[in-house]
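K.L.:
Curious how this folds, go ahead:
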Amino acid sequence: MTKPDDERFRVRPRPPRARDARRLSTFLGRVQVVHWVSGEPLFSPDGKMAYMPGVDEMTVPGPRGEIMTVHMRGISIWRRDPDGEWRCVVDIANESPPA
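P.N.:
Residues are numbered from 1 along each chain as shown. As a prediction, the model looks like this:
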């Protein structure tokens, strides 16, 4: 799979939705560490769409400036365009429930 599509958006539990590169860059500029593991992609019968579940950790400044690690789980939806490239059209994640 390749890079995300410019039309996609991300939804996170704390920051507002990032629908443009500038707002997303501002949020990501505060992220200190990101580690993610994608699951196996699952494809539509016609091979033009796929989705991948995944988990990730982000180390970010907390509400009072302290460093905290947030555990997330999410899913990304991919589209195969006519040029053969896979593009991420939706990437959504929520904080994982407490263990």
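K.L.:
Report the beta-bridge partners for the closest residue to K48 other than its chain neighbours.
P.N.:
Once flanking residues are discounted, K48 sits nearest to R80: 5.0 Å by Cβ to Cβ, 6 or more residues apart in numbering. (C-beta placed from N, C-alpha, C; glycine too.) Assessed by DSSP bridges, R80 has beta-bridge partners W86.
K.L.:
Hmm, R80 is touching G47, no?
P.N.:
Yes. Contact criterion Cβ atoms under 8 Å: R80 and G47 qualify, at 6.8 Å.
K.L.:
When these two are compared, which one has more neighbours?
P.N.:
The residue with more neighbours, out of R80 and G47, is R80; 17 against 8, by other Cβ atoms under 10 Å.
K.L.:
and the residue nearest to K48, what does it touch?
P.N.:
Neighbour list for R80: G47, K48, M49, A50, W86, R87 [criterion: Cβ atoms under 8 Å, 6 or more residues apart in numbering].
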